[in-house]
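**Q** Mind folding the following:
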Amino acid sequence: MSSADPPIIAGPNTDLAAPKSALWTSIYTLAVREVTRFLRQRSRLVGAIGQPLVFWILFGAGLAGSFAMPGADAENGLSFQEYFLPGIAVLIVLFTSIFSSISVIQDRNEGFMQGVLVAPVPRSSIVLGKVLGGTALALFQAMLFLLLAPLLQFVHLAPQMEFNYPVLVILKALFFLFWISLGLTALGYLFAWKIDSVQGYHGVMSIVLLPMWLLSGAFFPGSGSTWMTWVMRANPLTYGVAGLRKTLVADPQRLPEFPPEWLCYVVTIGFALVCLFVDVWMTRRDPVVAS
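**A** Predicted coordinates for the structure are as follows:
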C-alpha cells in the first residue's frame, strides 16, 4: 500500500460479527505464521542465542573473581555464572520478543495487516495470534539454552556451576519463562503497533527493554544503591528474573529474601495479562492502520 492510498478501516463490529470458531482458527493461523517465518530465517536463532551465550561465557569468566552476593561469604556465595544464568535466559527471551514484534510493523508496511483487519475475525485474535507465536519462539529458544548449558561444563566453559535440574525444576522454569515471554512479547507488540518504522522501533526498544532488563537484577543485584533498589523493585521484570533464579539455584537460601516467591508469581503473571489486555484494547480502539 502506498502513502497516497486511503487507509483501510475495519468495521467497528468485527468482533461481534465473527463466529466463535474464527477466533481460534485465526489465532492458530497467525501463530503458525510467526513460527514459519522464524524457520525460514535461521539467522534469528543464532542471533538470539549466540550473543547472550557469548556474554554469559565471557562475563562469567571475567567477573568470576570480583562478584559476590551481598551478605554471602566467599565459600557459600553464588558464582557470577550461577547468578547470571537466569538473566541470560531472560535476555534471550527479550531479543526474541523484539524480533517477533517487528513483524507487526513489517506486516503493516506490506499490507498484510490491513487485510487481516478487514477480515471477519475478532480483533483479539490478531493480538493473541501474534503474541502467542512470538511467545512460543521465545520460550523454545530460552529453554533450549537452559537445556544445553550443562554441556558447557564438560568443555570447562562453566566450571563453577553444577547442573542438576529435576523434572519439577524444569517445569517451574518453563512456567516462569512462559509468562516472561508472554509479557515481553505483548509489550513489544504495544510499541510496534504505534511505531511506523523498524528503525524507530529499534531506537525505542534500546531505551525501554534493555534498561528494563539491566534494572531487573539480571546482571547485577543493585543493592548498593538505595534509589536503584527502589527502581528495581518497581520494575515488573525483576520479579520474573528473581522467580526464575529461585527456581534454578539449587539452594535458594543463598539468594536475597526479597522478593518472595509468591510475589514473583503474582507480578510476573499480572504484568503479562495487563500488557495483553492493553494490546487487545488498543487494537480494537484504533480503526485505522496506515502504511
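
**Q** Tell me which other helices or strands the longest helix seen in the chain touches.
**A** As assigned by DSSP state H, the longest helix anywhere in the chain is helix 80-110. In this structure, helix 80-110 makes packing contacts with helix 20-39, helix 43-62, helix 112-117, helix 123-148, helix 167-194, helix 198-214, helix 236-248, judged by 3 or more Cβ pairs under 8 Å, 6 or more residues apart in numbering; DSSP states H and E. Placement of C-beta: from N, CA and C, glycine included.

**Q** Just want the angle from the longest one to helix 123-148.
**A** Read that as helix 167-194. Calculated by axes from the mean of the first three to the mean of the last three Cα atoms, to 10 degrees, helix 167-194 forms an angle of 140 degrees with helix 123-148.

**Q** If you count neighbours, what's buried in helix 167-194?
**A** Counting neighbours by 16 or more other Cβ atoms under 10 Å, one finds that the buried residues in helix 167-194 are 172-173, 175-193.

**Q** what helices or strands is it leaning on?
**A** With contacts defined as 3+ Cβ pairs under 8 Å, 6+ apart, the secondary structure elements packing on helix 167-194 are helix 80-110, helix 123-148, helix 198-214, helix 236-248, helix 261-285.

**Q** want to throw these into TSV with mean neighbour count, mean pLDDT and distance to Ser225?
**A** Listed next are the helices and strands packed on helix 167-194 as TSV, based on neighbours: other Cβ atoms under 10 Å; pLDDT from 0 to 100; distance: least, Cβ to Cβ, whole Å:
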stretch	mean neighbour count	mean pLDDT	distance to Ser225
helix 80-110	24	85	18
helix 123-148	23	87	29
helix 198-214	15	86	13
helix 236-248	24	91	14
helix 261-285	17	93	21
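
**Q** Redo those helices as a markdown table? Include distance to Leu39.
**A** Formatted as a markdown table, the entries for those read as follows, by distance: least, Cβ to Cβ, whole Å:
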| stretch | distance to Leu39 |
| --- | --- |
| helix 80-110 | 13 |
| helix 123-148 | 10 |
| helix 198-214 | 21 |
| helix 236-248 | 27 |
| helix 261-285 | 25 |
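
**Q** Tell me which of those lies nearest to Leu23.
**A** Each of the helices and strands packed on helix 167-194 was checked against Leu23 via Cβ to Cβ, and the shortest separation belongs to helix 123-148, namely 4.9 Å.

**Q** could you say what helices and strands the closest one packs with?
**A** Helix 123-148 makes packing contacts with helix 14-17, helix 20-39, helix 43-62, helix 80-110, helix 112-117, helix 167-194, helix 261-285 when contacts are defined by 3+ Cβ pairs under 8 Å, 6+ apart.

**Q** Any idea which of those gets closest to Gly129?
**A** With Cβ to Cβ, the closest approach to Gly129 among the helices and strands packed on helix 123-148 belongs to helix 20-39: 2.6 Å.

**Q** what about Met205, distance to Ile126?
**A** From Met205 over to Ile126 the distance is 21 Å, taken as Cβ to Cβ, to the nearest Å.

**Q** can you tell me which residues contact the closest residue to Gly133 other than its chain neighbours?
**A** Spatially, and ignoring its direct neighbours in sequence, Gly133 is nearest to Glu34 (2.8 Å; Cβ to Cβ, 6 or more residues apart in numbering). For Glu34, the contacting residues are Ser100, Ser103, Gly129, Lys130, Gly133, Gly134, Ala136, Leu137, by Cβ atoms under 8 Å, 6 or more residues apart in numbering.

**Q** Surely the fifth one is in contact with Thr29?
**A** No - between Gly133 and Thr29 there is no contact under Cβ atoms under 8 Å: 9.7 Å.

**Q** Which neighbours do these two have in common?
**A** Common neighbours of Gly133 and Thr29 are not found (criterion: Cβ under 8 Å, 6+ apart).

**Q** coming back round to it: tell me the pLDDT at the residue nearest to Gly133?
**A** pLDDT for Glu34: 86.

**Q** Distance check, it against Ile126.
**A** Counting by Cβ to Cβ, the gap between Glu34 and Ile126 amounts to 12 Å.

**Q** swap in Arg284?
**A** Counting by Cβ to Cβ, the separation of Arg284 from Ile126 is 10 Å.

**Q** Much appreciated, bye for now.
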